[in-house]
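>>> Mind looking at a prediction? Sequence and model below.
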Amino acid sequence: MRKIYLIRHAMPDIPLGERWCIGGETDIPLGKLGRLQAALLPFISELQGADKVFCSTLIRARETALPLCPEPIAVEGLEEQRMGAWDGLPFTEIMRRFPELYAARENDSTLLPDGAETEEAVRKRMQAALLQCLRQSTGDIAVVSHKSAIASITGQRKKLGYTSASTLEADGETLTIREIGKLCKPNLDDNVCLALLKAAGADGDLIDHCEAVAALADELCEVLAGKGIALNAELIHCAALLHDLARAEKDHAALGAVWLKELGYPKIAEIVRQHHDPDTTELNEAAVVYIADKAVRGSERVPVAERFDRSLSKCKAPEALAAHERRRRTAETIQNEINRLCGEAILQ
């Protein structure tokens, strides 16, 4: 019995938190979060055994498939449902321009805007396209498609989040649903973290910095454990590796946390959120990552005070100077507490 892993594409380039009607007539690439979502797919054990990887002809599906296979096979018929007059519009605009139809569709999804494709038409072409994928392969396959297209086969939409995987079994031309909308969230390790950093656009220097911060954080965690301070070493290590995930973006600590939470790693996200400005001076996982980051410039370890002296010149406004001084005092408090517990100046 062969398996089809039917994967919804990653998040396209639309504002996070907004809802858009991105149908089969709207061809847009993945956004920054979408590239991170797609980067996780090669670490899902079921997908690693796929004989071939197929995708729809739309760019967001192809870009989702690329981490799984450098040359995914595009197959016509796997595209999203065409939504006619609504295609490519934000739902705020749809509600303004088509209020009656929008309200009516809440209770009857068969009601469609002008020019839209029927659900039955989507189901028929999806069925034919999946059978074509099977004929072009011999083992299990991965197929990257779209929410409404996948729902036409599974009969369910609610579980179909971005990069979720539904499993079908194929017996000849008979397709049987075995699982719907499994979240693709691998356990974080160094390889997964490195893939996320690269997907976010990190260059070699930034990766070296993240690895150096993680190495120091590991050492601090081990020393503290020997002094009876039990912290979550795995959380600290992964958060240190990923603390600058959004380094190229404005408010990178906050945005990195948002991305990681969306990816399904809320505990890592919370530490990353605080790596630039901790909520407290309490000696916890966030404090270890914070002080490790402040003791590394580039990939070299430096005195914490030196890092703050260098960054002071960037602060011009009174608010920035006050925030800089607050963060310096926080770093000094954490550094002094670690040195006190260790009985030596482990941090300079």
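Received it, and whenever you're ready, just let me know what you need. Residues are numbered from 1 along each chain as shown.

>>> tell me the secondary structure for the residue lying closest to Thr281 once chain neighbours are set aside?
Leaving aside its sequence neighbours, Thr281 sits nearest to Thr333 (CB to CB, 6 or more residues apart in numbering; 4.3 Å). C-beta: built from backbone N, CA, C; applies to glycine. The local conformation at Thr333, judged by DSSP: H, G, I helix; E, B strand; the rest coil, is helix.

>>> State the distance from Thr333 to Ala212.
Distance, Thr333 to Ala212, using CB to CB, to the nearest Å: 23 Å.

>>> before we move on, what about Glu344?
Glu344 is 21 Å from Ala212, where distance means CB to CB.

>>> Over to Ile229?
22 Å.

>>> Of these two, give the one with the bigger neighbour count.
Counted by other CB atoms under 10 Å, Ile229 and Ala212 do not tie: Ala212 has more neighbours, with 20 against 17.

>>> So that one sits against Ala295, correct?
No: counting by CB atoms under 8 Å, Ala212 stays clear of Ala295, with 9.5 Å between them.

>>> Pull up the overlap in contacts between those two.
Taking CB atoms under 8 Å, 6 or more residues apart in numbering as the contact rule, Ala212 and Ala295 both touch Arg301.

>>> Which stretches in the stretch 201-348 of the chain count as strands?
Using DSSP state E, counting those that start in this stretch, the strands found in the stretch 201-348 of the chain span residues 296-297, 300-301.

>>> Out of these, which one sits most buried?
strand 296-297 (a mean of 20; mean count of other CB atoms under 10 Å).

>>> Keeping just the C-alphas, turn the helix or strand containing Glu100 into CSV.
Using DSSP states H and E, Glu100 sits in helix 99-105. This file holds the C-alpha atoms of helix 99-105, laid out as CSV (Å, rounded to 0.1, in the frame of the first residue of the first chain):
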residue,chain,number,x,y,z
PRO,A,99,-21.2,41.9,2.4
GLU,A,100,-24.2,39.8,1.6
LEU,A,101,-22.4,36.9,-0.2
TYR,A,102,-19.7,36.9,2.5
ALA,A,103,-22.3,36.6,5.3
ALA,A,104,-24.2,33.9,3.3
ARG,A,105,-21.1,31.8,2.8
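
>>> C-terminal to that helix, what's the next element?
helix 119-135.

>>> so where's the longest strand in this structure?
As assigned by DSSP state E, the longest strand anywhere in the chain is strand 174-182.

>>> Run through the neighbouring helices and strands of that one.
helix 147-154, strand 165-171 (3 or more CB pairs under 8 Å, 6 or more residues apart in numbering; DSSP states H and E).

>>> Take these and write them to JSON lines, including mean pLDDT.
As requested, these are exported to JSON lines (pLDDT from 0 to 100):
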{"stretch": "helix 147-154", "mean pLDDT": "97"}
{"stretch": "strand 165-171", "mean pLDDT": "96"}
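
>>> Comparing those, which comes out most buried?
Most buried among the helices and strands packed on strand 174-182, counting by mean count of other CB under 10 Å: helix 147-154, with a mean of 23.

>>> That one versus strand 165-171: what angle between them?
With axes from the mean of the first three to the mean of the last three CA atoms, to 10 degrees defining the directions, helix 147-154 sits at 40 degrees from strand 165-171.

>>> ok now helix 147-154, how far from the chain's centre?
Centroid separation for helix 147-154 versus its chain: 22 Å, with CA atoms, centre = their mean, to the nearest Å.

>>> Put the alpha carbons of it into PDB.
The C-alpha coordinates for helix 147-154 follow below in PDB (Å, rounded to 0.1, in the frame of the first residue of the first chain):
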ATOM      1  CA  LYS A 147      -6.000  24.300   1.500                       C
ATOM      2  CA  SER A 148      -9.200  24.100  -0.500                       C
ATOM      3  CA  ALA A 149      -7.700  21.700  -2.900                       C
ATOM      4  CA  ILE A 150      -6.600  19.300  -0.100                       C
ATOM      5  CA  ALA A 151     -10.000  19.800   1.600                       C
ATOM      6  CA  SER A 152     -11.700  18.700  -1.500                       C
ATOM      7  CA  ILE A 153     -10.100  15.300  -1.000                       C
ATOM      8  CA  THR A 154     -10.100  15.000   2.800                       C
END
